[in-house]
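Undergrad: Predicted model and sequence follow; I will ask about them next.
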Amino acid sequence: MFFWRIGRCRFSRRCQASGQNSHEVAEVFSIAGISRQWKTFFTPCPLRLCGEKTLPTGACHVEGTEAGSVLVFGERKDKKMSKTEEFLKAAFAGESQTNRRYLAFAAKADEEGFFQAAQLFRATAEAETVHAHNYLKALQGVRGTRENLLEAISVESRAFTSLIPEMVDTARVEGNKEAEDFFRYAMESERIHAQLFQKLADALGSSGESYFYYVCPVCGHTAEKTPPSTCPICGIKDPGYKKIE
């Protein structure tokens, strides 16, 4: 289950919000003030997906599930995560981060004129992507498109409602203006991402127009069909939106 400060759905044997039995429990969250319910899917409780800032050792205080237990379609499975699964999760996170870091290194090498180094960074980044996808496959982390869209909605919603706001506030208190701006860029972008995923999930399977998306290279704002002349998040005029094909 995913638990949110907005429209929180507390899991017991019956969902108090939806009234459904445990094997049909729905996750409840709010996007742009509109409450929605979806059937749950695989969610490991230890990854702080209960919406709280920290997870106590031993058991989730919202869920009551022991650390290491998982919920599959709202049902508790008293199976501890194996050491291999822990390694797969850690390896997936590490390879994913390394991929992005090497792409940033490649861009810097291009800027400084070290084109062979840039090529090697990009080639290695691609190899790390292969590794990350392999680990995700082993974790059975990719399902059908509808389920993947619903997971994306939950991930993006959790980011802008629970995780990033604290980061913004902390950076502001500590006087790190650059970090504050970057966190804010991400928070507002994730809000839009959740809305875009929701829109597509609602229309999935129906015939409709096909269009491209555009991403602001400064803050990550994502627009559909036509990019704005001024980015609504970072406020930069003509930032050079990248067309995603």
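TA: Nice, thanks for sending it over. Numbering: from 1, shown residues only.
Undergrad: neighbours of Phe114, just the number please.
TA: When counting by other Cβ atoms under 10 Å, one arrives at 14 neighbours for Phe114. Glycine gets a C-beta too; all of them are placed from N, C-alpha and C.
Undergrad: Next, give phi and psi for it.
TA: Taking degrees, to the nearest 10, you get phi -100, psi 80 for the backbone angles of Phe114.
Undergrad: What residues sit buried inside stretch 128-139?
TA: Neighbour-count burial for stretch 128-139, counted by 16 or more other Cβ atoms under 10 Å, picks out Glu128, Thr129, His131, Ala132, Tyr135, Leu136.
Undergrad: Tell me, what's the model's pLDDT at Pro227?
TA: Reading off the confidence values, Pro227 has pLDDT 96.
Undergrad: actually Lys242, not the one I typed
TA: The model's pLDDT for Lys242 equals 96.
Undergrad: count of residues packed around it?
TA: By the other Cβ under 10 Å criterion, the neighbourhood of Lys242 contains 12 residues.
Undergrad: Then the one 3 residues further on?
TA: The local packing count at Glu245 equals 5, with neighbours defined by other Cβ under 10 Å.
Undergrad: Please tell me how far Pro217 sits from Gly235.
TA: 14 Å (Cβ to Cβ, to the nearest Å).
Undergrad: do Tyr241 as well
TA: 14 Å.
Undergrad: who has more neighbours, those two?
TA: For Tyr241 versus Gly235, the count of surrounding residues by other Cβ under 10 Å is larger for Tyr241: 20 against 10.
Undergrad: Spit out the contact partners of the more buried one.
TA: Residues near Tyr241 by Cβ atoms under 8 Å, 6 or more residues apart in numbering: Tyr214, Val215, Cys216, Pro217, Ala223, Pro227, Cys231.
Undergrad: just Phe105 next, same as before
TA: Under the criterion of Cβ under 8 Å, 6+ apart, the neighbours of Phe105 are Ala117, Phe121.
Undergrad: what residues go with each domain of the chain?
TA: Domains of the chain are assigned by automatic domain parsing as 1-81, 83-138, 144-206, 209-245.
Undergrad: between these, which gets the lowest average pLDDT?
TA: Among the domains of the chain, domain 1-81 carries the lowest mean pLDDT, at a mean of 35.
Undergrad: can you pull out the helices in this structure?
TA: Secondary structure of the chain (DSSP state H): helices located at 83-112, 115-138, 145-158, 164-173, 177-203.
Undergrad: Include distance to Glu245 when you put the ones you listed into a markdown table, please.
TA: Below are the helices of the chain laid out as a markdown table (distance: least, Cβ to Cβ, whole Å):
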| stretch | distance to Glu245 |
| --- | --- |
| helix 83-112 | 18 |
| helix 115-138 | 18 |
| helix 145-158 | 19 |
| helix 164-173 | 28 |
| helix 177-203 | 16 |
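Undergrad: of all those helices, which lies closest to Glu209?
TA: Each of those was scored for nearness to Glu209 using Cβ to Cβ, and the closest is helix 177-203 (10.1 Å).
Undergrad: picking that back up, which among the contacts of Tyr241 gets closest to Arg101?
TA: Distance to Arg101, by Cβ to Cβ, is smallest for Pro217 among these, at 17.7 Å.
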